[in-house]
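>>> generate coordinates for the sequence data below:
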Amino acid sequence: MNKATILAAIGIASLALGTVGDSFAQSAVTPAPTASGRHFAANAKHDRDPRLVRAMRQENNALKNLEAADHDSQGHRAKAAELMRQAIAETKLAIKDDK
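Sure thing, here's the model as predicted:
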C-alpha cells in the first residue's frame with residue numbers, strides 16, 4: 001500500500017469514527033426512523049439527514065486542516081486534499097438527493 005492510499009484510508013476512517021461518535025452523542029435526541037428508514041421529527045417537514053450535514057461539516061474541516069498543513073509530504077497532502085474535495089462533492093449530492 002502506498003502512502004497516499006494509507007493517508008486517504010486514515011482520513012476516511014477518521015471521518016467515519018467522528019460520525020459514529022457524533023451519532024452516539026446525538027442518539028438521545030434523534031427521532032425514531034419511520035418505515036422507510038428515514039428520521040422524521042413529529043409533525044415536521046422532512047429535513048436533511050443530520051448525519052449527512054455533520055459529515056459535510058467534518059469534511060470541510062478536514063479539508064481546511066489539509067490546506068493549512070505546512071508540508072506537502074511528497075504530494076500526499078495535496079492528493080488527500082483532492083480526495084477530500086471529491087468526498088465533499090459526493091456528500092453534497094447525497095444531501096441534495098435526500099428527499
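>>> next structured bit after the helix or strand of the chain with the lowest mean pLDDT?
For the chain, counting by mean pLDDT, DSSP states H and E, helix 3-26 ranks last in confidence among helices and strands (a mean of 57). Using DSSP states H and E, the next helix or strand after helix 3-26 towards the C-terminus is helix 50-68.
>>> so for that following helix, what's the average pLDDT?
Averaging pLDDT along helix 50-68 gives 95.
>>> what's the answer for stretch 81-88, then?
When pLDDT is averaged along stretch 81-88, the result is 96.
>>> what about H71, is that helix, strand or coil?
On the three-state scheme (DSSP: H, G, I helix; E, B strand; the rest coil), H71 is labelled coil.
>>> would you confirm that it contacts R77?
Yes: H71 is within contact range of R77, at 6.9 Å (criterion: CB atoms under 8 Å). In short, each C-beta sits where N, CA and C put it, glycine included.
>>> neighbour-wise, which of the two wins?
Neighbours were counted for H71 and for R77 using other CB atoms under 10 Å; R77 has more, 18 against 7.
>>> for that one, which non-adjacent residue is closest in space?
For R77, the nearest residue in space outside its immediate sequence neighbours is A69; the separation is 5.2 Å by CB to CB, 6 or more residues apart in numbering.
>>> could you measure from that neighbour over to D98?
To D98, A69 is 32 Å away according to CB to CB, to the nearest Å.
>>> check A81 too.
Using CB to CB, which is the criterion applied here, A81 is 26 Å from D98.
>>> who has more neighbours out of these two?
Counting neighbours by other CB under 10 Å for A81 and for D98 shows that A81 has the greater number, 19 against 14.
>>> any residues touching stretch 63-71, and which ones?
R77, A80, A81, M84, R85, I88 (CB atoms under 8 Å, 6 or more residues apart in numbering).
>>> which of these lies closest to N60?
When the contacts of stretch 63-71 are compared for distance to N60 (CB to CB), I88 comes out closest, at 6.6 Å.
>>> was I right about the closest one contacting Q58?
No: under the criterion of CB under 8 Å, I88 is not in contact with Q58, lying 10.1 Å apart.
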